[in-house]
Every structure is written in structure tokens, then in C-alpha cells.
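1. could you look at this predicted model? Sequence included:
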Amino acid sequence: MSHHKLEAKDLHYSYPDDHEAVKGMSFCIHHGESVGIIGANGAGKSTLLMLLMGVLFPSQGEVCVGDVHVTKKTLPMIRQRLGMVFQDPDDQLFMSTVYDDVAFGPRNYKLDEKEVETRVLHALELVGILHLKDRAPFKLSGGEKRAAAIASVLSMHPDVLVMDEPTAALDPKSRRRVMKLLTSFKHTKIITSHDLDMIYEMCDRTIVIKNGEIAADGVTSEILVNAQLMDECGLEVPLAMQNCPVCGSAKE
Amino acid sequence: MSHHKLEAKDLHYSYPDDHEAVKGMSFCIHHGESVGIIGANGAGKSTLLMLLMGVLFPSQGEVCVGDVHVTKKTLPMIRQRLGMVFQDPDDQLFMSTVYDDVAFGPRNYKLDEKEVETRVLHALELVGILHLKDRAPFKLSGGEKRAAAIASVLSMHPDVLVMDEPTAALDPKSRRRVMKLLTSFKHTKIITSHDLDMIYEMCDRTIVIKNGEIAADGVTSEILVNAQLMDECGLEVPLAMQNCPVCGSAKE
Amino acid sequence: MHMADALISPLVGGTMWVATAGVAAYSIKKIQTEMDEKKIPLMGVMGAFIFASQMINFTIPGTGSSGHIGGGLILAILLGPYAGFLTLASVLTIQALFFADGGLLALGSNVFNMGFFTCFVAYPLIYKVLMGKGYSTKRIIVVSVIAAIIGLQLGAFGVVLETLFSGKTELPFGTFVLLMQPIHLAIGAIEGLVTAAIVTYIWNQRPEIIERAASGEAIGNASIKKVALGLISVALITGAGLSWFASSNPDGLEWAISKTTGTAELESPVGLHQKLSDLQSKIAFLPDYSFKAPESEAGQGAGEGEEAWPAVSEGTSTAGLVGGGMTLALAALVGAGISLLKRRKYRANS
Amino acid sequence: MANIMNSLYNMRLLDDLARQETIIHKLHPLMKLLTTVSFLTVVVSFGRYEISGLLPLFVYPVMVFSLAELPLKPILLRILLVSPFIIGIGILNPFFDQQIYRLGGMEISRGWLTFLSILIKSGLTVTAALLLIASTGMDRLAGALRMLKIPRIFVLQLLLTYRYISVLMEEVARTLRAYSLRAPNQKGVHRSAWGSLAGQLILRTFDRAQRIYEAMCLRGFTGEYETGGFKEIRVWDIAYWAGWMLFFVAARLYNIPMVIGSLITGVIR
Ligand SMILES: Nc1ncnc2c1ncn2[C@@H]1O[C@H](COP(=O)(O)OP(=O)(O)OP(=O)(O)O)[C@@H](O)[C@H]1O
Ligand SMILES: Nc1ncnc2c1ncn2[C@@H]1O[C@H](COP(=O)(O)OP(=O)(O)OP(=O)(O)O)[C@@H](O)[C@H]1O
Ligand SMILES: [Mg+2]
Ligand SMILES: [Mg+2]
């Protein structure tokens, strides 16, 4: 399944005000990997995700999905394979009912209404909000909104799932539910988060970003315990590994 | 300093659509206490804060600050004593520069410009963003915005600081900075958060809310380790206390 | 200055609907050819913004009162006139549906009064022309105030004309104008100041937004000017003519309207009653009942264009009262009956 | 502030009501739209002195109210809050037209009659519009607009506006709340903060619009707004419209209360 490979080659990106947010990033993500992208506020994580999704186009370098370069022309084909959950679910839910919102993607691909229904119901069931299908998205609680946003992407059956801070503002139980859901998703996952404990539990591989450059890329269990690296990048060792009250292992 | 006491007596509140969000809460917070308010999404935390601030008025019961009931009449006087930081700093910063924003509150109390300046500079220094004073708030990064929002409240010299999820979406370093800042604030603090580790470190007392009612109220170090209580309320024992990866002590 | 359904006649409402639909169709065509799809969500979200920001009450300097923005001018400045007009149209549609601000029949008039004059007159002919030399804080304030005032004055005048043409109120033309225009002078000044404050802020923070909107419609500019100029001159000429007429002959305005539009036939029950009484005598339904009564007693000064009295004699008026009461009672009974049946059905089902 | 939240509740209430499943709700939206427009046209076509002729038209809102099982109170409240413009204009009528008219023994000036007529009309028209939306909902109404060949751009934009009103109103409410917490003695927003407050809201709105557009494209949006096909118009839907049309026309042509009234008074005599 090499065609699910996602590759970034020497990416550069500057915002129109000449702020250079991404300065030469290269990496390759293979099918089935789950990759965490971490870094301080303003490090360039969201910008990187948008470059991968073809929302922004790099000023230098290129993104390849499988063997296809991401360009304006190949975009529609590529987007059918990638699904992205935005940081703010309000940006993503724009229909009047949850059902219509989740159906928006499949309907755009001109599936017949029967198939659309199957997909929508399945996606809603996956995230556990089938009972909300006729509610208006703006009346949902924060956690329910995020679940709906995730369902709206799942219904498109993406090969690659890209999520920007999927657990922010969720209560601990809902956070667990989302984590379980993501674990059950067997395709490629790319997740950014400040919740390093989640990254630690969910992702095999972690890319650390600092000021628009890749500061580290490797096995999660090695990177996240590297206190010096974490500190340099404005991060911290995951909470679960700090200062254990039982064994009293020293902090950092 | 008994006049800094904050008391809620049998508070009830229903939203206009008859959804009862707060169902009979009573508690008393004394001067200098730091209280964490925790609960699942939709438990009623934000509603409670708004009742305390006099943004909403209870349908039954009352809020007293010192010995003064919070009513429409006493509101201006009471608000001078309470400062609230919102969940989303975007909602809170509305002037053209950080300086003006922080000066907005003091200027409204008709202090002379000399005194305003002293207060503003002091508040900015406290949160460590003196260098940002002439920047436009909307161009700041998320963490800087939150710091500015906190400074805008500090400059009003409140006796009570009320904060709705002060650390959401911050990177771990910024989170530490905000926590340190809050610890240095010596007056009464009331904080809601899903970040139970922060509550564990910062607050001596914790109130647990479940479906609009108080499920527990007591010493933080006892409540947050009560796995059964946490579980019933849609919460979890703080991450730092779960399943230590070093000593491998069992979860819960 | 929302016109309400209750104050408008079908003819005026319909005419304004046609005019608005024309402008909207033109705008849509312009948008489709000139701009990318990217502007659709922008229009939607900006419409929502205008809607929401109308809830912000700004204190008016020197007075205790407050006002809010109308939005036409700011939409034109930020989105360009075509997208601005369409956006305002959808804002007003939602207000009509959900808040009964204005109404569905009056929607055409409202969109025209508040959208056309701001987006297609005040913006291209005043704002853009005066702003031509480049932006500065002072110029933004002066120009926005002038443009907002002119846009609102024209809109208010539109309201006056449409209301008078509809003939639902007794207000004489002169009084109405004196009532509407000065109020909207003040409102326009405030709208202008608020607009200026917002535009200045955006100009300082993100100048490219305003530049983009301004350059977007450069192509269509000449044609808008022509269309708008034409419409304005027609409006001014008719307005001047009618007001002259109104001052020289107080009842003349209505006469003029019914003459020019032929509404007299449609509006006046006299003709209808005539036909009805003919019809009625043919089918001999309630032969006692006199449809003709009004005409015999219409001498009380009911002039040419005025509607005759449907019921003036003591007998008929009593009949009207009794019948009216009966009708209302019947309507209430129907409603209560249906509700009762429904409830019983529910109980049976459960 | 209270104002914003109340407006929001009102919209949400109508939205909720539109999700019921009664006879009226199940009717084809296009036919309901046509019926409403016909009703409005008939109501406003009555002359300004007309009162009794308007009364039979009350049957329409009453029937729809009860058949659609809509709650009376919230909608009537809306009607009572009817635009001050109507009352403002209408209340002047009694001053400008003081001719006396005798009605069943009482003497009233004609100005009051025309004012009453305006009030009744505004009650009827406002109710009709609210009933339409409360029994149809925005989405289905948009579907009807598409069937009427209203251009796609406009309908799509209308729906997005509608959807984002809720989101932005909440944002505005929160901002105003923050403002009032730091300026407890002010009623509105002081002019020194006009520009930056509204300006920042707009800039955030702009950025949000961009993100929404991207989110739409990421889910395959190519400009065509798919809502899953339109419902067919059934015979029953047409019958509903035709039935009301007959009634409206009859009510317009015959003064029904007068007929009933003279029947009764005639019998008594
Ligand atoms: N629209 C924009 N115009 C100019 N600069 C921008 C824009 N968006 C982001 N930036 C800048 O680009 C840099 C990277 O931003 P990005 O949103 O990618 O950060 P991030 O890593 O996602 O941060 P966070 O953790 O806060 O979400 C930041 O310094 C930010 O100030
Ligand atoms: N404006 C509103 N109208 C109606 N119901 C509301 C409104 N705001 C909140 N609610 C409801 O009131 C309850 C309490 O809401 P509140 O915002 O206080 O929750 P919370 O504890 O702050 O949750 P979160 O952790 O998600 O911030 C929820 O069930 C919510 O659905
Ligand atoms: Mg980000
Ligand atoms: Mg909350």
C-alpha cells in the first residue's frame, strides 16, 4: 500500500506578511503509522498540517501523497484520501443538523443517498453520537461538537486522518473516548497536540517542531522522556512521567 | 478581611429554554483561598462562575460578596472587586494595543492617568509581557494573548480572581508560566479547569460539580485521588498520579 | 427603518420585489464572473457578523441613547458592492423570517432601501469617489459619515415614498418627510462614525482586505455608475414632481398614484362591491343584505380616490360587530377543537 | 447583552419547533411558501378602513397553529413585540383623521379604525411569517428557494449566514460580557472602543470565513451545495395550497362577518 505514503520534501512557507512559519521540513510518513507533531505555541504545527492538506502551497519544496505531487490540479483527487479535523469545531460544522454535516462530504462525491446514509450512520456510531443526529451543531456541548467534527471526516473514509489538537477542552472522560476512537482507526494518523500524555499513549512516532524547523523525529517513547530536548522546545516531559507520587522518581 | 468572603446560598439557575444548569449550590469561599471547580463538560461550571460574577442572576438563592448581596444595583461596586478571565482570550481583548487594553479597566474607574500607568506597567510586568505593550492584541500568539487577558484583569486590583480554564490550548511551558503567575497572586482565586494536574498543584480546595449540583467539596489532595468519585463525575485521577511509567504502579 | 408588511400594499411590495430581484440577479451575475467561490463563505460569515453586531449598542456621544450599525456601507466596503448587496439581502431575509422585522412582502422594499442605496449609490458614487486619493484616518471619518448619511437619507426617503404609495397611513407627505429625514440624519451620522471607526481599525491592521474589496469591482464600476445615476435621477425627478403635487393638492398624491398605477380599481372596494352585489343578486344569497348601502351614504366626504365605507348605517355596523365577534369565536373554536382532538389522539396512542 | 441571548433563544426556539413532525410540518415547503405569500398578499390588499373583512383570515393562523402543534405563548410574545415602526406610524392616524364614525352605538374617529386595521394586518402578517419558519425550518425553506430557481450562490450564502449567526452572536455576547465586567457603569460601548471592538470581531470573522471555506473544500466542496435531493410535490400538497387559496379569495370577495352578522341580526328582527 505504498500509495498511502505521505512525503514532505524540504518544505518552506512564508505568510503574506513575510513571516516564515515553516523553514525546510522533510519527512516521510508510511501507511499505518501514527505520528504526533508537537511544539510550542507558534512553532508552526498548524501551518505544517495545512501544507500537507494542500490548504496552503509551499513557497519551496513539495508534498507528495503516494506518488502524486500536491498541486492545484491533483488536489480534488488527493483530498478524497485525506481527512482533516480542525482545531476549532465551529470552523468545521456549517450545516443545520449533525446528520447533514456528516453527510456533506459523501454527498459532494455524488454517492447515492442510500450509501450516504449508511456512511453517516456508521460514522456517528463510531464516535458514539448517533442520538445527536438531528440536533443542530451549535447547540452541542464542546465535546459533542468535536465528536461531530471527527465523524464528519470519518464519513469520507479517508486513508489518512489529520487532526489539530483533537482533545483540547474535553473533560478527561471524553478525552479517553476520543483516544480510544483514534486508536481503533487503523489507517495513517497525524496528530498535533499540547497534550503530551495523549501523544505518548497514541503515537509510535513523534516529530518535534521548533521555530518552523524539525528539532527531532523519532520513536515517541524516546523523544518525550528526553527532558533536555523537551525543555529546549518549550515543552515538558508528559505529566504521567513527572514526579511519580508512588515511587517518588525525581521531576525532570 | 471578612469582607472578601464570597458566599453562594442555595443557587438555582435555569437558562431561558428551561434547561436547569445550576440546581441548588451552596458554599462559602474565604479570603485567600484558592478553589478549583471541576466537572464534566456541561456540568455547569461556567454557569456557576457567571452567577458569581453577576453576569447572570439566579432564579432562586443568592450570592453575597462580603456582606453585600449581588443585585443589579450593587453590581458596579462588586465588579470592582472581582476580576474574571474568560476561557477564550479573544473575547476579552478589544482595544488596539495591549497597553490600552490593560488600561481600560482602571480608566473606567476614573483614576488619573499617572495611577493608570503605574498599574498597567505593574500588571504587565507581573505576567512578563512588558515588551508587548505596544503590540496589537490580535496579532499575539495564543499564550501571549492569555497573559494579556490576565494582566487586563490584574490591573483592576481585584480582591477575587475568577478564571475559566486558564491553561487550555497553552503549550506546557506557557502553562507553567501561567501557573506560577497564579501562585504569586495572593488574594482569593477561583479556577475551573479540565487540567486536573494544574488544579492539584494550585488549589487547596476543590469543588466537584455534577449535573448542576455539588458532588463534593473539600481538600484537593483528598478529592482528586478519590478514583470512584472522579469516575462518577466524568473525571479521572490527575495524570501525574496515574500509572507511573517508571515504577509501574497500577492505575487507580 | 424596516418597512412592515402591514404598511405596504401588494402593488408597492411587488414592484419593489421586482426591482430588488433585478439588482440581485445583476449582482449574482457579476459575482459569478468576477470572483472565486472563496467569497461565498466570506459573505455568509460577514452577514452573520452584521446580524450579530447589530446587537452591539454604541453609546451616542452627548446623549443618553444608543444605536447600532445598519451594515450596508460596511459590507460594500469590505466585500464590494455586489457581494455586499447580496449579503445584506440575506441578513434582511433572516430578520424577516425569524424576528418578523419587516416582512416577506416588504422584503423587496427593505433590501432596496437599505442595500441598494448604500451599496450602489453611497458606496461607488460617494465613498469611492471621495476616497479616491487614498486612505487617511481623517478622510475615512469624513467620507464614511457623508456616505452613510446620504445612503440613509435616500433609504429613508424610499420608506416615505413606499409608505405613501401604499396608502395605509394618513400621514401627509410633508409631515412624513419631516419626521423621517432628520431622524435618519442623526442615525446616519452615527452609522458613519461607527463605520469609520471599524474601517480605520481594519485599515491599520489588515489593509489588504480593504484594497482587495476595492479592486475587485473595478471592471464593473462604470456600468454601476450609469445604472445608479439613472436610477437616482429618475427617483429625484419623481420625488420632486410628487412633492410638488402633494404640496399643491393634499389629496392629489393618492390621486396621482392611483392614476399612474391603476390601483384605484384594485384597491377600492367600491368596484368590488359593485360586482359583488351584482353577483349576489344573481345567486340570491341573503337578499336582505345590502352591499349597496355604502354608496348611498358615501357622501360624507369620501373623495375620488378614497375608499368608501363598507358599513356606515347603524344596522350594518351592528351586523359587522356581531358578525366579527362570531367569526373570531368560530376561528378560536376551530383551533381549540383541533388541539383537543390532537391531545385525545396522543392520549389514545400512549 | 440580554438582548442578544434572547434573540438567540428565539431563533433556536423556532428552529426546534421546525423539527416536529405534524401534518403541517410534512407539507411540501414550496407549497407552504406559496400559501404564506398568498395569505400575505390577500391581507395587505384590504383597504385601510377594513376591519370586519379581515377577521375571517384569522382562521388561517389559528388552524396552522393548532395543526402544527405550535406553542402559543412564545410566538404571540414575538407578535406583541412587533416592530415599533408600525405602531409609530399607525398611531399618528388618529391625529390626522378625526372624522367620526358610529359603530354600534359608539363613536370612534376614523383614524382609530385605520390604526386598528393596521394593527390587525401587522398581527396577521407577522404571524404568517413566523408560522412559516416555525413549521418549515431554514433548510427546507432553502430547498424551496432552489426549486424556485433562486441562484445557488444566494441560497448557499443565506444558509451559511443563518448557521453562523448563532456562532457569532455567542462570540459577541462573550465580548460584551467581558466589556461590561471591566466597565460596569456603562450602558453601551463607549466610542473610544467602537473601532477596535467591532474591528477585531470583523477580523476574526474574516479568518473564520477562510477556515470554513477550507474545511468545505477539504470535504470535496466544488461549488454545488448538495442537500440530498428535493422531496416530490404530492397531490395533497397542492390541495392544501388550493384549499387555502379558495378560502382567501372568498374572504377577499365576500365580507364574511357581515354576511353572518346580518344573517343573525336579520333573524332576530
Ligand atoms: N495568517 C497568518 N499570518 C501571519 N502569520 C501567521 C498566520 N498564522 C500563523 N502565523 C504565524 O506563523 C507561526 C506558526 O503558526 P502556527 O499556527 O502554525 O503555530 P502552531 O504551532 O499551530 O501554534 P499553536 O500551538 O498555538 O496552535 C506563528 O508564529 C504565527 O504567529
Ligand atoms: N446559553 C445556554 N442556553 C441553554 N443552555 C445552556 C447555555 N449555556 C449552557 N447551557 C447548558 O447548561 C449546562 C451547563 O453549561 P456550562 O457552560 O455551565 O458547562 P461547563 O461545566 O462550563 O462545561 P464545559 O466544561 O464544556 O465548559 C450544559 O448542559 C449546557 O448545555
Ligand atoms: Mg495550531
Ligand atoms: Mg465552561
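-> Happy to help now that I have it. Ligands and ions are numbered 1, 2, ... in the order given.
2. model confidence score at D:Met5, please.
-> On pLDDT, D:Met5 comes in at 71.
3. relative to B:Met50, how far out is it?
-> Distance, D:Met5 to B:Met50, by C-beta to C-beta, to the nearest Å: 11 Å. For every residue, glycine as well, the C-beta is placed using N, CA and C.
4. now swap in D:Leu27 and tell me
-> In terms of C-beta to C-beta, D:Leu27 sits 42 Å off from B:Met50.
5. same deal with C:Leu107?
-> Applying C-beta to C-beta, the value for C:Leu107 to B:Met50 is 37 Å.
6. next: D:Leu116.
-> Distance, D:Leu116 to B:Met50, using C-beta to C-beta: 44 Å.
7. any low-confidence regions in the stretch 251-350 of chain C?
-> Along the stretch 251-350 of chain C, segments meeting pLDDT under 70 span C:251-320, C:349-350.
8. recalculate using a threshold of 80.
-> Applying pLDDT under 80 to the stretch 251-350 of chain C picks out residues C:251-328, C:330-331, C:334, C:339, C:342-350.
9. one more: chain D?
-> In chain D, residues with pLDDT under 80: D:1-12, D:47-50, D:77-111, D:113, D:180-195, D:206, D:210, D:216-231, D:255-269.
10. give me the domain ranges for it.
-> D:18-138+D:231-258, D:151-227 (automatic domain parsing).
11. now the one residue in the stretch 1-150 of chain D that gets nearest to ligand 2, nearest residue through space, not along the chain?
-> Nearest residue of the stretch 1-150 of chain D to ligand 2 (C-beta to the nearest ligand atom) works out as D:Met5 at 6.5 Å. The shortest distance from D:Met5 to any residue other than its chain neighbours is 6.0 Å, reached at D:Ala173 (C-beta to C-beta, 6 or more residues apart in numbering or on different chains).
12. run a quick neighbour tally on the residue of chain D found nearest ligand 1.
-> Relative to ligand 1, the nearest point of chain D is D:Asp207 (7.1 Å; C-beta to the nearest ligand atom). Close neighbours of D:Asp207, defined as other C-beta atoms under 10 Å in any protein chain shown, add up to 14.
13. which residues sit in contact with it?
-> The contact partners of D:Asp207, by C-beta atoms under 8 Å, 6 or more residues apart in numbering or on different chains, come to none.
14. separation between it and A:Asp91?
-> D:Asp207 sits at a distance of 9 Å from A:Asp91 (criterion: C-beta to C-beta).
15. just C:Met46 next, same as before
-> Taken as C-beta to C-beta, the span from C:Met46 to A:Asp91 is 15 Å.
16. who's more crowded, the two?
-> Just comparing C:Met46 and A:Asp91: by other C-beta under 10 Å the higher neighbour count belongs to C:Met46, 30 against 19.
17. may I have the phi/psi pair for that one?
-> Torsion angles at C:Met46 (phi, psi; degrees, to the nearest 10) stand at phi -70, psi -40.
18. any idea how far it is from B:Asp197?
-> The gap separating C:Met46 from B:Asp197 is 41 Å, by C-beta to C-beta.
19. who has more neighbours, C:Leu107 and B:Met50?
-> The residue with more neighbours, out of C:Leu107 and B:Met50, is C:Leu107; 24 against 19, by other C-beta under 10 Å.
20. am I right that C:Leu104 is in contact with C:Asp5?
-> Yes: counting by C-beta atoms under 8 Å, C:Leu104 touches C:Asp5, with 6.9 Å between them.
21. spit out the residues that contact the two alike.
-> Common neighbours of C:Leu104 and C:Asp5 (C-beta under 8 Å, 6+ apart) are D:40, D:125, D:129.
22. quick one: name the residues of chain C near chain B.
-> By C-beta under 8 Å from any C-beta of the partner chain, the residues of chain C that approach chain B are C:201, C:204-205.
23. which of those residues has the largest number of neighbours?
-> For these, the largest neighbour count, defined by other C-beta under 10 Å, is 22 neighbours, found at C:Tyr201.
24. SS state for that residue?
-> Under DSSP: H, G, I helix; E, B strand; the rest coil, C:Tyr201 falls in the helix class.
25. repeat that for C:Leu341.
-> Here C:Leu341 is recorded as helix under three-state DSSP.
26. quick one, phi psi at residue 41?
-> Picked chain A for this. Note on A:Asn41: its backbone torsions stand at phi -60, psi 130 [degrees, to the nearest 10].
27. how close does it get to A:Gln87?
-> Distance from A:Asn41 to A:Gln87, by C-beta to C-beta: 12 Å.
28. tell me how far A:Tyr13 lies from ligand 2.
-> Distance from A:Tyr13 to ligand 2, counting by C-beta to the nearest ligand atom, to the nearest Å: 34 Å.
29. for A:Val65, same thing?
-> Remark: distance between A:Val65 and ligand 2 (C-beta to the nearest ligand atom) = 36 Å.
30. now do C:Phe157
-> Distance from C:Phe157 to ligand 2, by C-beta to the nearest ligand atom: 41 Å.
31. now swap in A:Arg119 and tell me
-> Distance from A:Arg119 to ligand 2, by C-beta to the nearest ligand atom: 28 Å.
32. did I read that right, that residue in a strand?
-> No: counting by three-state DSSP, A:Arg119 is not found in a strand; it is helix.
33. now do the contacts for it.
-> If a contact means C-beta under 8 Å, 6+ apart, then A:Arg119 has A:103, A:106, A:111, A:155, A:157 as its contacts.
34. D:Arg219 now?
-> By C-beta under 8 Å, 6+ apart, the contact list for D:Arg219 reads A:79, A:104-105, A:108, A:152-153, A:156.
35. now with 6 Å?
-> Contacts for D:Arg219 (C-beta atoms under 6 Å, 6 or more residues apart in numbering or on different chains) come out as A:104-105.
36. equivalent analysis for A:Leu224, please.
-> Counting by C-beta under 6 Å, 6+ apart, A:Leu224 touches A:200, A:238.
37. skip the chain neighbours and tell me the closest residue to A:Arg135.
-> A:Val98 (5.7 Å).
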